[in-house]
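Student: With the sequence up front, the predicted model follows.
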Amino acid sequence: MAKRLLLVIAAVVVVALVGVSAFTYLSYGSGTLTVKATDPPVDWGEATQIYLNYSAIEVHRADAGNASGWFTVVDKGAWLNLTKLVNITQTLGSKSLQAGLYNLIRFQILDAIVTVDGENHTATVPSGKLQIAITQGGIAIPAGQTATVLIDLNVKVQDKYRIVPAIRATPS
């Protein structure tokens, strides 16, 4: 009887340890977030090319405060040629992050160039600072797995050299 009781206690302890380990891994483990960009079919008015220079890209952990909880996914910005993104995706970067739910993505458009009538022109982007809510309630990054967020750069060119972005971020 004592052996049986010890076996039951040992089994309960093992099950509890496995449960705690699994909970800890799923809650505090890390996964990878990949950021990709695309541009829908072209509707740029007179412009034939658009180039955007963006800053580092950050995501916000949903359970953190507004000022805290921001994590860099893409360490440094680069130039994007939107002509090359029409109906395709380009990976901007990826990073290992703590598993969990992330609800916002932000970056800046530092510079913009628009080609009109074969000539490049410096374009303006109102505000330039973009903070976008990730659709579908955010993106869950599971421990030990990779999640992807797609930035859909639907931009309009107005008054020849003014870019109006309508950007959406979607888990994919």
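Tutor: Good, I have the coordinates.
Student: The lengthiest strand in the chain - which strands sit beside it in the sheet, and in what orientation?
Tutor: In the chain, assigned by DSSP state E, the strand with the most residues is strand 100-116. Strand pairing for strand 100-116, determined by DSSP bridges: strand 47-54 (antiparallel), strand 57-61 (antiparallel), strand 119-123 (antiparallel), strand 129-133 (antiparallel), strand 139-141 (antiparallel).
Student: who wins for proximity to R106 among those?
Tutor: With respect to R106, and counting by Cβ to Cβ, the nearest of those is strand 129-133 at 4.2 Å. From N, CA and C alone the C-beta is placed, and that goes for glycine too.
Student: Give me the buried stretch members for the closest one, please.
Tutor: Neighbour-count burial for strand 129-133 flags 130, 132 (criterion: 16 or more other Cβ atoms under 10 Å).
Student: Now do it: everything it contacts.
Tutor: Residues outside strand 129-133 that contact it (Cβ atoms under 8 Å, 6 or more residues apart in numbering) are 103-109, 151, 165, 167-169.
Student: Go ahead and build a PyMOL selection from the buried members of those.
Tutor: Those of the contacts of strand 129-133 that count as buried under 16+ other Cβ under 10 Å are selected in PyMOL with:
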select buried, resi 103+104+105+106+107+108+109+151+165+167+169
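Student: Take the contacts of strand 129-133 and write them to TSV, including distance to T135.
Tutor: Output for these, formatted as TSV (distance: Cβ to Cβ, whole Å):
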residue	distance to T135
N103	10
L104	11
I105	11
R106	15
F107	17
Q108	21
I109	20
I151	11
P165	16
I167	11
R168	6
A169	7
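Student: May I ask which two of the contacts of strand 129-133 are separated the most?
Tutor: Pairwise distances across the contacts of strand 129-133 (Cβ to Cβ) peak at 21.2 Å, for the pair N103 and I109.
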